[in-house]
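Visitor: When you get a sec, could you give me coordinates for this:
(chains A and B)
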2 protein chains.
Amino acid sequence: MRSPPSVYLAGPDVFLPGALAVGDLKKEICARYGLAGLFPFDNEAVATADGPPLERLIYRGNVAMMRAADAAVFNLSPFRGPSADAGTAFELGFMTALGKPCLGHTGCPSSYRDRVAAHMPLVLDRPTGRWLDPRDHAVEDFGQADNLMLTVSLSDGAPGAGILRGEAQDLSDMAGFEACVARLAEHFGTGPRR
Amino acid sequence: MRSPPSVYLAGPDVFLPGALAVGDLKKEICARYGLAGLFPFDNEAVATADGPPLERLIYRGNVAMMRAADAAVFNLSPFRGPSADAGTAFELGFMTALGKPCLGHTGCPSSYRDRVAAHMPLVLDRPTGRWLDPRDHAVEDFGQADNLMLTVSLSDGAPGAGILRGEAQDLSDMAGFEACVARLAEHFGTGPRR
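Guide: Reported below is the predicted structural model:
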């Protein structure tokens, strides 16, 4: 029997209390759809006195896992600011460059521009048509859920589902995640297991 | 004569007022070191009525530029939060996966943890040794300038210079950028032009 396609489970979930339990739940959901979830290495790495420092072990573990994975699902919910976690954004770029199928979801229904506008006053610069923040930095206004490099990467390749926007406002919400897994299962022609 | 190695110029510079002038300055600095700078497409793309939307044109333009580039320099200064711009993080992951030499700099000398701590109270969770923010999300505490996926990627491959930390606190500071270009020139055995 062929082993199930493997899915790298990217997101700031590694920073949640009970991160390993969140990882186990995601793996269970993957298994229900005939896929094998790979949870980032962050919470299991142990440094030794004469080995590389912990941050290097984690990095190398995650890179090896991404290279081994057949696909990835990204939790792109805003994390400590209006954008996705920077490490998750890095990993989305990494997997996109490798040409692996990427699915993404966010718990936040608003656009990037609206999220920034909720935190600081924006001014429309009429000559350029751009919205500027108080430092005169332009604010992306394409109606996208985040920086366009992240969102368009999810709609411009296969399976091209685009970022799935939820209403949960909760980093550990599983509805958007499961919707991504279901689409991946369709892409690979696996489960759901009945 | 061989054409000079090309360098993708990643960063939130595209959101600065006078972004094209910033790009031109960066290209000039590259040229002084025998390198050809490629500034992201964001500010020059024009959508047509029956073509793809602007955000897709920009995405495709930047991806094509990254694939064409021999290397990249990343402005990883914090942008609208404690981390680097999400699009820049995506691009660092993308170029890392392609195995191209990546250099990075930040105008901010502090660690990620200290930057988060300056904005919200952190509590040490003694059982795990992790610092937690008010939402109980763990805060990376490796002394790194940002999420470890970004910073370790810059020290774990070639040329492996690590992220260069400046004191400028200014997104458009050129000192860190030029230091990266100088290291790339050394890597490629080009300039500085005398």
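
Visitor: now A:Phe90: how far from A:Thr151?
Guide: For A:Phe90, the distance to A:Thr151 under the criterion Cβ to Cβ, to the nearest Å works out to 16 Å. Glycine gets a C-beta too; all of them are placed from N, C-alpha and C.

Visitor: ok, which stretches of chain A are strands?
Guide: Taking DSSP state E as the criterion, chain A carries its strands at A:6-10, A:36-38, A:71-75, A:102-106, A:123-125, A:130-132, A:138-139, A:163-165.

Visitor: export the ones you listed to a markdown table and tack on distance to chain B and mean pLDDT?
Guide: Conversion of the strands of chain A to a markdown table gives the following (distance: least, Cβ to the nearest Cβ, whole Å; pLDDT from 0 to 100):
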| stretch | distance to chain B | mean pLDDT |
| --- | --- | --- |
| strand A:6-10 | 10 | 98 |
| strand A:36-38 | 15 | 97 |
| strand A:71-75 | 11 | 98 |
| strand A:102-106 | 11 | 97 |
| strand A:123-125 | 8 | 95 |
| strand A:130-132 | 8 | 95 |
| strand A:138-139 | 4 | 96 |
| strand A:163-165 | 12 | 92 |
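
Visitor: Which one, of those strands, ends up nearest to B:Cys102?
Guide: strand A:6-10 (19.6 Å; Cβ to Cβ).

Visitor: Strand partners (parallel or antiparallel) of the closest one?
Guide: When pairs are called by DSSP bridges, strand A:6-10 turns out to pair with strand A:36-38 (parallel), strand A:71-75 (parallel).

Visitor: Go through the shortest one and flag the buried ones.
Guide: Translated: strand A:36-38. Judged by neighbour count (16 or more other Cβ atoms under 10 Å in any protein chain shown), strand A:36-38 contains these buried residues: A:37-38.

Visitor: what's next to that strand, contact-wise?
Guide: With Cβ atoms under 8 Å, 6 or more residues apart in numbering or on different chains as the contact definition, strand A:36-38 has outside contacts at A:3-9, A:23, A:26-27, A:29-31, A:65, A:68-69.

Visitor: Residue of chain A closest to chain B, please.
Guide: Distances from chain A to chain B, computed as Cβ to the nearest Cβ, single out A:Gly81 as the nearest residue at 2.5 Å.

Visitor: distance of that residue from A:Ser111?
Guide: Shown here: A:Gly81 relative to A:Ser111, a distance of 15 Å by Cβ to Cβ.

Visitor: Redo the strands of chain A as JSON lines? Include distance to B:Asp173.
Guide: Converted to JSON lines, the strands of chain A look like this (distance: least, Cβ to Cβ, whole Å):
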{"stretch": "strand A:6-10", "distance to B:Asp173": "31"}
{"stretch": "strand A:36-38", "distance to B:Asp173": "39"}
{"stretch": "strand A:71-75", "distance to B:Asp173": "31"}
{"stretch": "strand A:102-106", "distance to B:Asp173": "32"}
{"stretch": "strand A:123-125", "distance to B:Asp173": "23"}
{"stretch": "strand A:130-132", "distance to B:Asp173": "20"}
{"stretch": "strand A:138-139", "distance to B:Asp173": "18"}
{"stretch": "strand A:163-165", "distance to B:Asp173": "33"}
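
Visitor: These: which one's closest to B:Ala158?
Guide: Within the strands of chain A, the stretch nearest B:Ala158 is strand A:6-10; the backing value is 24.5 Å (Cβ to Cβ).

Visitor: Okay, buried residues for the closest one please.
Guide: Under 16+ other Cβ under 10 Å, the buried positions of strand A:6-10 are A:6-10.

Visitor: Next: stretch A:181-194.
Guide: A:181-185, A:187-188, A:190-191.

Visitor: Among the residues you listed, which are located in helices?
Guide: Taking DSSP state H as the definition of helices, the buried residues of stretch A:181-194 contribute A:181-185, A:187-188.

Visitor: Sweet, I'm off.
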